[in-house]
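**Student:** kindly return the folded structure for what I paste below:
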Amino acid sequence: QLQASGGGLVQPGGSLTLSCQASGFTAAWHGVGWFRQAPGKEREGVASISNTGEDEMYADAVKGRFTISRDTANDTVYLQMDRLKPDDTAVYYCAAEVVGRGSLDPRSYNDWGQGTLVTVSS
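**Tutor:** Numbers count the residues shown, from 1 in each chain. Below you'll find the predicted structure:
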């Protein structure tokens, strides 16, 4: 299971850090991705990290503002979000894939967390 947390209400320009905690399996063996889904829109990939932590991918919309990282010892993956914009408002999900490379394509993932809401508004 994956548990996403850390969402909330933040003003434009602010920061939030999301956490994705794995339980029941060793997330260190898996690539992990963060995805988001805004009302009326399809789920889109935001960032991903490989099982080694050496390879990261980011959507163009978040490059330079979001940073993905992982704490292997604690089976946790983080998404640091800076300079947030109203367009970043969405439910954010984390997911794990067994190949280990990470991907921004949600079809690559088989284990999903429940989502955490991020609202960027003044």
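
**Student:** secondary structure element for the residue sitting nearest the centre point of the chain?
**Tutor:** Residue closest to the mean C-alpha point of the chain, counted by C-alpha atoms, centre = their mean, is Trp34 at 2.3 Å. Assigned by DSSP states H and E, Trp34 belongs to strand 31-37.

**Student:** try Ser19
**Tutor:** Here Ser19 is assigned to strand 16-22, by DSSP H and E.

**Student:** which of the residues in that strand are buried?
**Tutor:** In terms of neighbour count (16 or more other C-beta atoms under 10 Å), strand 16-22 has its buried residues at 16, 18-22. Where you see a C-beta, it was placed from the backbone N, CA and C, and this is true even at glycine.

**Student:** what do you get for stretch 1-17?
**Tutor:** 2, 4, 6-7, 10, 16.

**Student:** alpha carbons only: can I get it in PDB?
**Tutor:** What follows is stretch 1-17, C-alpha atoms only, in PDB (Å, rounded to 0.1, in the frame of the first residue of the first chain):
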ATOM      1  CA  GLN A   1       0.000   0.000   0.000                       C
ATOM      2  CA  LEU A   2       1.000   3.600  -0.600                       C
ATOM      3  CA  GLN A   3      -0.100   6.500   1.600                       C
ATOM      4  CA  ALA A   4       0.200  10.000   0.200                       C
ATOM      5  CA  SER A   5       0.100  12.900   2.600                       C
ATOM      6  CA  GLY A   6       1.000  16.600   3.000                       C
ATOM      7  CA  GLY A   7      -1.600  18.300   0.900                       C
ATOM      8  CA  GLY A   8      -3.400  21.500   1.900                       C
ATOM      9  CA  LEU A   9      -4.200  25.000   1.100                       C
ATOM     10  CA  VAL A  10      -1.300  27.300   0.100                       C
ATOM     11  CA  GLN A  11      -1.100  30.800  -1.400                       C
ATOM     12  CA  PRO A  12       0.400  31.300  -4.900                       C
ATOM     13  CA  GLY A  13       4.200  31.400  -4.600                       C
ATOM     14  CA  GLY A  14       4.200  29.200  -1.600                       C
ATOM     15  CA  SER A  15       5.600  25.700  -1.000                       C
ATOM     16  CA  LEU A  16       4.400  22.300   0.100                       C
ATOM     17  CA  THR A  17       6.100  18.900   0.600                       C
END
